[in-house]
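Trainee: no sequence for this one, just the structure:
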């Protein structure tokens, strides 16, 4: 199972690129099909059986379009932004624990790396919005920053809560600690902290906000900001932003799976493997789509109020409760 | 302390209720009609362009070429000419055309017709690429209908 190092690296780089590409392309299809079914429509049906070739048709269309840099825009940053938005998502795949032996680079600081690279995404949207020299794009860039600053805090507080329980930043080790049935998963560890499900919900809400998904897609609020930071992007520039959105969703949901839902561990304690990880991952992704097509976009004030007035106090509360319980109840 | 927590809980529960509603819709079949492949039934009283009614006994038009419709038409888009054929008691139309580009579907012609020889068709796929497609010859249309659905009289 262990290849020589350079081959192993090449295999993982190729694998991660293929996985991201496939997911980005087919999650668009899942999104469109899911949206359609939630609205009782058939969705894409024309290109291939059940519209399965639609992502390929879309990609060909986007690739054949001209990438226009608007006059007065900062050409370098404008072209750089799509690359900056895509790269961190790809980097994070290095530490995601897909299976017991299926991690590109098991790192003792894996979770830290994932969280650190996760926030570069924001900077890329800021760069893209700023470089576009378009008022909608700049409003969107400003929104993205304040939104992500607001949601990074509860996200990290929740992650710290979890860290106090696991005592390690190594994602594979965190998953290994959750072995042996679904009651051992972090989300159900009620004897450590009765509020564990609440921390999972907070993590998931922050994940939606960090990936700029509806109902928190203030950055791309079509009805008010045209397409926000992506307004001036045409062709594959836009396509890469689009792919990065889905890549970030995959990363976020994979993190949620590994941190709270026991990663590759089977819910019955036997037969653990990559299949369980992917199943949990795609169930979470389906939930993301489900939420998008259930709730309307929030107001920007509502968005910030939710974070500062509700999520941060609650996550601080769970953090405090966990530390107290860990100190006094467990030896 | 108690009220905000309760508000939070009811708010969260309402979100879950919303998600349950959308999920039940997710598993129901689509309600849309994939139009070019399937069509909805056209209602009986649909008002398409006018067409001639066939006499169920003779299979011919009920029209007596009285030109009432031509006179009643506010847009002047109907042209009727008729002759009295040998052995017939009444006149029959030789020309019956409608310029559908000018028709406003007011239905005056249908109302005024003394023999109820006119009715609205249920044709609704009326997109076309040239103007000529809308100069309708209703006699030809009647013949085409007779050819596709023969009445007992014409069969015999």
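Mentor: In hand now; what should we look at? All values reported here derive from a predicted model rather than from experimental measurement.
Trainee: which secondary structure elements does the helix ranked longest in chain B contact?
Mentor: Ranked by residue count and defined by DSSP state H, the top helix of chain B is helix B:2-26. Other helices and strands packing on helix B:2-26, by 3 or more Cβ pairs under 8 Å, 6 or more residues apart in numbering or on different chains; DSSP states H and E, are helix A:5-38, helix A:274-292. C-beta: built from backbone N, CA, C; applies to glycine.
Trainee: Show me how far the helix or strand that the first one is followed by is from its chain's centre.
Mentor: Moving toward the C-terminus from helix A:5-38, the next helix or strand (DSSP states H and E) is helix A:54-63. On the basis of Cα atoms, centre = their mean, to the nearest Å, the separation between the geometric centre of helix A:54-63 and that of its chain is 23 Å.
Trainee: residues in chain B within reach of chain A, list them.
Mentor: B:8, B:12, B:15, B:18-19, B:21-23, B:25-26, B:28-32, B:34 (Cβ under 8 Å from any Cβ of the partner chain).
Trainee: what's the most buried one of the helices and strands packed on helix B:2-26?
Mentor: helix A:274-292 (a mean of 18; mean count of other Cβ atoms under 10 Å in any protein chain shown).
Trainee: quick one: that one to helix A:5-38, angle?
Mentor: Helix A:274-292 and helix A:5-38 are oriented at 40 degrees to each other (axes from the mean of the first three to the mean of the last three Cα atoms, to 10 degrees).
Trainee: where does the stretch 201-331 of chain A have low pLDDT?
Mentor: Applying pLDDT under 70 to the stretch 201-331 of chain A flags the ranges A:269, A:330-331.
Trainee: Name the residues of it found near chain B, please.
Mentor: So the stretch 201-331 of chain A meets chain B at A:201, A:290, A:291, A:293, A:294, A:295, A:310 (Cβ under 8 Å from any Cβ).
Trainee: Identify, from those residues, the entry nearest to chain B.
Mentor: Lowest distance from chain B to those (Cβ to the nearest Cβ) belongs to residue A:294, with 4.3 Å.
Trainee: you'd agree that closest one is in a helix?
Mentor: No. Using DSSP: H, G, I helix; E, B strand; the rest coil, the assignment for residue A:294 is coil, not a helix.
Trainee: Give me the neighbour count for residue 59.
Mentor: Going with chain A. Using other Cβ atoms under 10 Å in any protein chain shown, residue A:59 is surrounded by 17 other residues.
Trainee: hm, I was asking about chain B
Mentor: Residue B:59: 19 neighbours (other Cβ under 10 Å).
Trainee: cool, and the one 3 residues further on?
Mentor: Applying other Cβ under 10 Å, we find 18 residues neighbouring residue B:62.
Trainee: Wait, residue B:48 touches residue B:125, no?
Mentor: No. Judged on Cβ atoms under 8 Å, residue B:48 makes no contact with residue B:125 at a distance of 9.7 Å.
Trainee: out of the two, which sits in the more crowded spot?
Mentor: A count of neighbours by other Cβ under 10 Å puts residue B:48 above the other of residue B:48 and residue B:125, at 16 against 8.
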